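> below are the sequence and a predicted model; questions follow.
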Amino acid sequence: MSSTEAAVLIDDSQRAERAKRSRRATFIKWLRKVHGWVGLWGAALGLLFGVTGFVLNHRMEPLRISPGAPQVSSMQLPVPDPAPETPREMAKWLKSQPDLKLPQRMGRVQKEPEHKVAWGDRETVQPEHWQMMFTAPHETVAVEYWVGNDVVTLKRTDNSLMATITNLHKGVGMSVGWVLFIDTFAGALILLSLTGVLLWTELNKRKTIGALLLIGSIVVGVCVGLG
């Protein structure tokens, strides 16, 4: 091989190496932008969860932060004729009453069947008993109904601001939209972790292998711990 041909091969190799470095630099630059914008979104939601998490962390003694006393009110409402036959029908009827303004999300529903109970030296039959809960971050409405009664009892609890913030953190009474909204925060954390690792390695083979070994060991450790 002549010196001219060797020089051409070296020049081609250098150009290929420069092109490779340019592509890597462009990718890393784009990755930094993605990491920055996702980090901004994660920081905004992280602030919300940081505040609510702080409140949750201080819900017990000795450093308890009082959430404030809830406001409680109750009422009895005449049931329609004929009365609903199931708790679900009762819930549907209650939601249809515009004056009640119940939270849209219904929580637990309990149905205690009719059964015999002792009363002193006598035995009697206790009617079927329904209990249901409508929840929202700022309020809870508990419903109680004894089958055969002509009224249903509703007990509304208005939460304080601190309790409302706590419920937001826990997702109590929230809609599907809120759940999906919080999923974006979880996705942002995952994406930040991945882009952070890639930015640290800068696509360097040795660093990438080291990062994979570290992450793999953590995953194995968690799996062993759960096992």
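Arrived safely, thanks for sending. Residues are numbered from 1 along each chain as shown.
> following element in sequence after the helix or strand of the chain with the lowest mean pLDDT, please.
When each helix and strand of the chain is scored by mean pLDDT, DSSP states H and E, helix 3-57 comes last, with a mean of 71. Counting by DSSP states H and E, the next helix or strand C-terminal to helix 3-57 is strand 71-78.
> quick one: mean pLDDT over that next one.
In this model, strand 71-78 has a mean pLDDT of 85.
> who does it pair with, and is each partner parallel or antiparallel?
Sheet neighbours of strand 71-78, with direction, are listed as strand 151-158 (antiparallel) (DSSP bridges).
> what's whichever helix or strand comes after the partner strand packed up against?
On the C-terminal side of strand 151-158, the nearest following helix or strand under DSSP H and E is helix 161-170. Where contact means 3 or more C-beta pairs under 8 Å, 6 or more residues apart in numbering; DSSP states H and E, helix 161-170 is packed against helix 3-57. For the C-beta atoms, the positions are set from N, CA and C on the backbone; glycine is no exception.
> how far away is Lys46 from Ala188?
Just to correct that, residue 46 is Gly rather than Lys. 9 Å (C-beta to C-beta, to the nearest Å).
> compare the two (neighbour count), which wins?
The neighbour count for Gly46 versus Ala188, taken as other C-beta atoms under 10 Å, is higher for Ala188 (20 against 15).
> helix/strand/coil for the more buried one?
helix (DSSP: H, G, I helix; E, B strand; the rest coil).
> which residues of the chain score low on pLDDT?
Applying pLDDT under 70 to the chain picks out residues 1-21, 55-56, 58-61, 63-70, 172-175, 227.
> domain parsing for it?
Split into domains by automatic domain parsing, the chain comes to 3-61+173-221, 71-158.
> tabulate those domains (a markdown table), appending distance to Thr164.
Shown next, in a markdown table, are the domains of the chain (distance: least, C-beta to C-beta, whole Å):
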| stretch | distance to Thr164 |
| --- | --- |
| domain 3-61+173-221 | 10 |
| domain 71-158 | 5 |
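> tell me the most buried of these?
domain 71-158 (a mean of 14; mean count of other C-beta atoms under 10 Å).
> what sits up against stretch 185-201?
Outside stretch 185-201, the residues that touch it by C-beta atoms under 8 Å, 6 or more residues apart in numbering are 28, 31-32, 34-35, 38-39, 41-42, 45-46, 49, 207-208, 210-211, 215.
> apply 7 Å and report the result again.
28, 31-32, 34-35, 38-39, 41-42, 45, 207-208, 211 (C-beta atoms under 7 Å, 6 or more residues apart in numbering).
> please apply the same query to stretch 204-216.
Val197, Trp200, Thr201.
> got it, and stretch 88-99?
Pro80, Pro84, Leu100, Leu102, Met106, Trp130, Met132, Val143, Tyr145, Val152.
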